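Q: No letters, just coordinates:
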């Protein structure tokens with residue numbers, strides 16, 4: 001499931017390794033996007049034949065600002081790391097890909113999406129984009145990967161003997177999926193997660209467009225998003241919660257700050273799925289919002305694993321965000337998208353796996369309590385019965401227990417058992 005291609009002995013294989021290799025065989029340039037510290041550069045370096053790191057090499061950056069084409073010299077695939085620091089290199093790469101007419105020429109990594117005019121030439125048919133997220137439970141080794149999302153889509157059964165514990169999930173949520181955290185204890189990871197948020201608020205957000213923003217307000221907004229992670233939170237609610245964190249923000253500013261955080265890949269949006277409802281009840285169109293890793297929401301809350309285990313409501317919300325992080329990684333590897341669904345009457349599906357006009361529904365529940373599983377399965381089946389297309393599968397993803405398929409056909413799968 002994880003392609004065995006790395007050159008660096010200490011490199012831990014990622015789900016996107018296979019994606020990157022496949023995309024390089026077909027496209028002139030691959031753009032790897034994602035939050036800082038999620039592992040983009042390290043992954044790209046495993047396949048790059050040459051590279052330039054614009055965040056570390058000031059001379060190369062200054063030379064590139066004067067002549068972007070000068071950054072392109074080197075064996076292919078050529079990695080241009082943090083390309084957005086020299087935005088005009090996009091068009092230089094585009095022209096060079098046209099001239100060479102061969103796939104696998106460049107890898108561009110970036111942890112911030114620059115202003116739209118920097119990519120005014122879209123790169124259609126020349127560039128392909130790939131999103132990286134922090135490591136999933138399967139990638140960090142905290143999961144077993146015994147149940148494949150792709151096989152569930154192909155109508156495979158879910159059945160494992162391994163059991164998983166809620167305490168391990170609480171710890172994983174607090175640690176986060178950051179590659180640099182591997183081998184560190186949880187308290188140290190949490191200190192680093194808090195520092196990450198502070199850096200975003202005080203420094204990183206400036207790199208999006210060069211505009212300085214009030215770090216107190218950015219920090220308050222991050223805390224507000226963290227408090228409401230995995231929900232359909234409105235800007236008005238974020239305004240109220242930001243004020244509670246000591247930095248009131250007006251609605252127009254919230255919209256601008258949110259856009260910057262999304263472009264930094266720190267805030268992730270889970271798109272709404274319109275569905276194929278037989279009824280005329282409209283489906284919600286607004287996305288759910290998450291911080292890119294639930295560990296950042298925990299850091300914003302100042303919580304620890306024991307705090308979460310005492311507050312199952314908060315833990316359940318954070319677990320849903322963890323499920324979105326991992327499912328989005330597995331889904332992208334299979335050409336799927338992870339959406340959410342809620343109709344006008346409040347009937348919902350937490351995670352909808354979508355590919356073309358096909359779909360599968362997943363509810364996220366913290367524990368394998370029989371009554372909870374029964375209600376979740378009944379809800380999934382009821383919504384499926386109102387759709388014009390039959391779901392590929394229905395499942396309940398939990399934090400604990402083992403994987404099995406219920407008599408009604410709904411799969412029950414612990415998140416740590418999942419893989420692409």
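A: Right, received. Where do you want to start? Keep in mind it's a predicted model, so treat the numbers as computed, not measured.
Q: Distance check, residue 189 against residue 55.
A: 23 Å (C-beta to C-beta, to the nearest Å). Yep, even glycine has a C-beta here, placed from its N, CA and C like the rest.
Q: More neighbours: which of those two?
A: More crowded of residue 189 and residue 55, by other C-beta atoms under 10 Å: residue 189, with 20 against 15.
Q: Which pLDDT value does the model give that one?
A: pLDDT recorded at residue 189 is 98.
Q: Just name whatever secondary elements the host helix or strand of it is in contact with.
A: Taking DSSP states H and E as the criterion, residue 189 maps to helix 186-202. Under the contact criterion of 3 or more C-beta pairs under 8 Å, 6 or more residues apart in numbering; DSSP states H and E, helix 186-202 touches helix 166-175, helix 215-227, helix 294-301.
Q: as a whole number, average confidence for the last one?
A: If I follow you right, that is helix 294-301. Per-residue scores along helix 294-301 average to 95.
Q: Show me the contact partners of it.
A: Identification of contacts with helix 294-301 by C-beta atoms under 8 Å, 6 or more residues apart in numbering yields 134, 173-178, 189-190, 193-194, 196-197, 222-223, 225-227, 229, 266, 290-291, 308, 314, 318-319, 321-322, 325.
Q: next one: the longest one
A: The list of residues contacting helix 215-227 from outside it, by C-beta under 8 Å, 6+ apart, reads 197-198, 200-202, 205, 233, 237-238, 241-247, 249, 253-254, 257-258, 261, 266-267, 289, 291, 296-301.
Q: Pull out the buried positions in it.
A: Within helix 215-227, the residues scored as buried using 16 or more other C-beta atoms under 10 Å are 215, 217-227.
Q: and which of these is nearest residue 69?
A: Checking those against residue 69 by C-beta to C-beta gives residue 218 as the nearest, at 35.7 Å.
Q: How far does stretch 383-392 sit from its chain's centre?
A: 27 Å (C-alpha atoms, centre = their mean, to the nearest Å).
Q: end to end, how far does that stretch reach?
A: 14 Å (C-alpha to C-alpha, to the nearest Å).
Q: How about stretch 290-308?
A: Per C-alpha to C-alpha, the first residue of stretch 290-308 is 18 Å away from its last.
Q: still on that earlier bit, tell me which of the helices and strands packed on helix 186-202 sits nearest to residue 109.
A: Nearest of the helices and strands packed on helix 186-202 (C-beta to C-beta): helix 294-301, 20.6 Å.
Q: How about the helix or strand following the closest one, which residues are buried there?
A: Going down the chain from helix 294-301, the next helix or strand is helix 305-310, by DSSP H and E. Applying a neighbour-count criterion of 16+ other C-beta under 10 Å, the buried positions in helix 305-310 are 305, 308.
Q: And helix 305-310, what does it pack against?
A: Partner elements for helix 305-310 (3+ C-beta pairs under 8 Å, 6+ apart): helix 166-175, helix 312-333.
Q: How far does it sit from its chain's centre?
A: 24 Å.
Q: Please apply the same query to stretch 88-107.
A: Distance, centroid of stretch 88-107 to centroid of chain: 27 Å (C-alpha atoms, centre = their mean).
Q: distance between the ends of it?
A: 15 Å.
Q: what sits up against that stretch?
A: Against stretch 88-107 from outside (C-beta under 8 Å, 6+ apart): 20, 24-32, 44, 47-48, 64-65, 68-69, 71-72, 76-80, 83, 108, 118-121, 123, 126-127.
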